[in-house]
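Next come a sequence and a model predicted from it.
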Amino acid sequence: MSKIRVENLSFKYLSSKKWALDTLSFEIDKGELIAIIGANGSGKTSLCNAIRGFIPHFYKGVYSGDVYINGENILNNSLGKLALDVGYVFQNPFTQMSGVGETVYQELCFGLENIGLSKNKIHSRIEEIVELTKINKLINKNPFELSGGQQQRVALASILVMNPDILIIDEPTSQLDPQSSEEIFKIIYELKQQGKTIILVEHKMEHIAEYADRVFLLNEGRIVLTGSIDQIFSNPSLGNYNVSTSQYAYFFQALKERGKNIPYIPVNEEDSTRLLTSLLLKSEEGL
Ligand SMILES: Nc1ncnc2c1ncn2[C@@H]1O[C@H](COP(=O)(O)OP(=O)(O)OP(=O)(O)O)[C@@H](O)[C@H]1O
């Protein structure tokens with residue numbers, strides 16, 4: 001059974017004339033990491049909200065089609081129940097903070113206390129997640145006095161303590177410097193290794209190229225391209241949808257256009273390093 005199944009999903013906000021989501025159908029298996037890309041207004045956030053049930057439980061409009069989580073139609077579940085299966089990490093960590101506690105520890109306790117977990121269970125769950133997200137040193141600090149990167153890790157931790165099977169992560173690094181972004185992506189990769197199903201909205205193509213199993217390219221509420229990283233980033237129509245490819249692919253494409261013998265276009269750091277090393281070796285050998 002697929003983790004997530006979407007059938008002919010369409011949605012139009014009450015105040016809008018056009019469809020934000022337009023007859024979408026797809027399935028996502030357990031453990032997959034799906035990247036959703038697309039220009040501004042293409043429907044990425046709406047699709048995330050439809051998967052976590054905020055469309056149509058919270059946002060009202062014209063809704064048709066079906067979304068199933070673990071085989072169950074989201075229409076048959078409350079937002080509270082859905083939140084236990086689908087964790088949503090906001091783009092802006094500030095929005096994520098409940099503000100109820102004065103310390104990061106209290107912030108992490110909040111959701112667990114609400115579902116009635118015992119003190120011991122709460123403590124061991126928090127210990128595990130604090131380790132994973134490397135926020136040990138922040139645990140007694142005020143969440144609102146942290147740096148952007150620290151807040152993003154705490155926001156992620158506050159969702160992970162709830163242990164949802166599915167994670168929707170909306171542009172987690174949009175406000176972060178490269179090093180903090182790298183740290184967040186390491187955590188996301190670790191979560192994938194643990195078997196979480198992850199939907200990631202991300203503009204930084206290098207990160208997608210590094211980690212995603214499949215990419216969905218949205219345009220005007222429709223999935224216009226879908227496939228593996230290589231299939232998507234080497235697709236010449238990518239530019240038609242105002243989406244850029246990875247910087248690595250740009251670089252090697254430019255060399256190819258200058259007549260260099262580039263056997264394939266790598267899209268991530270690892271493949272680029274491998275190709276560059278082999279090209280340098282060949283040139284040293286005078287080939
Ligand atoms: N609350 C809302 N009420 C009315 N229309 C909305 C609402 N939220 C989004 N829309 C519209 O739905 C369409 C899809 O928007 P959505 O925010 O899902 O796109 P997006 O790809 O996430 O954009 P961005 O990259 O800018 O966040 C757009 O035309 C947008 O104007």
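Arrived safely.

Check whether the residue lying closest to E202 once chain neighbours are set aside sits in a helix, strand or coil.
Leaving aside its chain neighbours, E202 sits nearest to I208 (5.4 Å; criterion: C-beta to C-beta, 6 or more residues apart in numbering). Any C-beta I mention is one placed from the backbone N, CA and C, and that applies to glycine too. State at I208, reduced to three classes by DSSP: H, G, I helix; E, B strand; the rest coil: helix.

I'd assumed I229 was in contact with I208.
Yes. Between I208 and I229 there is a contact under C-beta atoms under 8 Å: 6.9 Å.

so how far is A254 from the residue nearest to E202?
20 Å (C-beta to C-beta, to the nearest Å).

residues from the chain in reach of the ligand?
With C-beta under 6 Å from any ligand atom as the criterion, the chain comes near the ligand at residues 13, 15-16, 20, 38, 40-46, 59.

which residues touch the most centrally placed residue in the chain?
Of all residues in the chain, the one closest to the mean position by C-alpha atoms, centre = their mean is L200, 1.5 Å from it. The neighbourhood of L200, defined by C-beta atoms under 8 Å, 6 or more residues apart in numbering, consists of 33-36, 169, 172, 188, 208, 211-212.

Give me the subset of these that lies in strands.
Within these, membership in strands is found for 33-36, 169, as judged by DSSP state E.

filter those residues to the buried ones?
Taking 16 or more other C-beta atoms under 10 Å as the criterion, what is buried in the ones in strands among the contacts of L200 is 33-36, 169.

wait, V130 sits on I139?
Yes. Using C-beta under 8 Å, V130 is in contact with I139, at 6.2 Å.

between those two, who's got more neighbours?
Each of V130 and I139 had its neighbours counted (other C-beta atoms under 10 Å), and the higher figure belongs to V130 (22 against 17).

rewinding a little: who has more neighbours out of I208 and A254?
I208 (25 against 11).

residues in contact with that one?
I208 makes contact with 35, 37, 200, 202, 215, 229, 246, according to C-beta under 8 Å, 6+ apart.

State the pLDDT value of it.
Among the per-residue scores, I208 shows a pLDDT of 82.

where's it relative to G111, distance?
When C-beta to C-beta is the yardstick, I208 and G111 sit 29 Å from each other.

and what of Q175?
The separation that Q175 has from G111, given C-beta to C-beta, amounts to 23 Å.

got the CA positions of stretch 26-43 in PDB?
Coordinates of each C-alpha in stretch 26-43 appear next as PDB, following Å, rounded to 0.1, in the frame of the first residue of the first chain:
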ATOM      1  CA  PHE A  26       0.300  10.300  -8.000                       C
ATOM      2  CA  GLU A  27       1.500   7.800  -5.400                       C
ATOM      3  CA  ILE A  28       4.400   8.000  -2.900                       C
ATOM      4  CA  ASP A  29       5.800   4.900  -1.300                       C
ATOM      5  CA  LYS A  30       7.100   4.600   2.300                       C
ATOM      6  CA  GLY A  31      10.700   5.900   2.600                       C
ATOM      7  CA  GLU A  32      10.700   8.000  -0.500                       C
ATOM      8  CA  LEU A  33      12.000  11.500  -0.600                       C
ATOM      9  CA  ILE A  34      10.100  13.500  -3.100                       C
ATOM     10  CA  ALA A  35      11.100  17.000  -4.000                       C
ATOM     11  CA  ILE A  36       8.500  19.400  -5.200                       C
ATOM     12  CA  ILE A  37       9.700  22.200  -7.400                       C
ATOM     13  CA  GLY A  38       8.000  24.900  -9.500                       C
ATOM     14  CA  ALA A  39       7.800  28.700  -9.900                       C
ATOM     15  CA  ASN A  40       6.100  31.000  -7.400                       C
ATOM     16  CA  GLY A  41       2.400  30.400  -7.400                       C
ATOM     17  CA  SER A  42       2.600  27.000  -9.100                       C
ATOM     18  CA  GLY A  43       0.800  25.200  -6.200                       C
END
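
Now it: buried residues?
26, 28, 32-38, 42-43.

Any chance of a markdown table for the residues you listed, columns pLDDT?
Supplementary listing: the buried residues of stretch 26-43 in a markdown table, determined by pLDDT from 0 to 100:
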| residue | pLDDT |
| --- | --- |
| F26 | 97 |
| I28 | 97 |
| E32 | 96 |
| L33 | 96 |
| I34 | 96 |
| A35 | 94 |
| I36 | 95 |
| I37 | 93 |
| G38 | 92 |
| S42 | 95 |
| G43 | 96 |
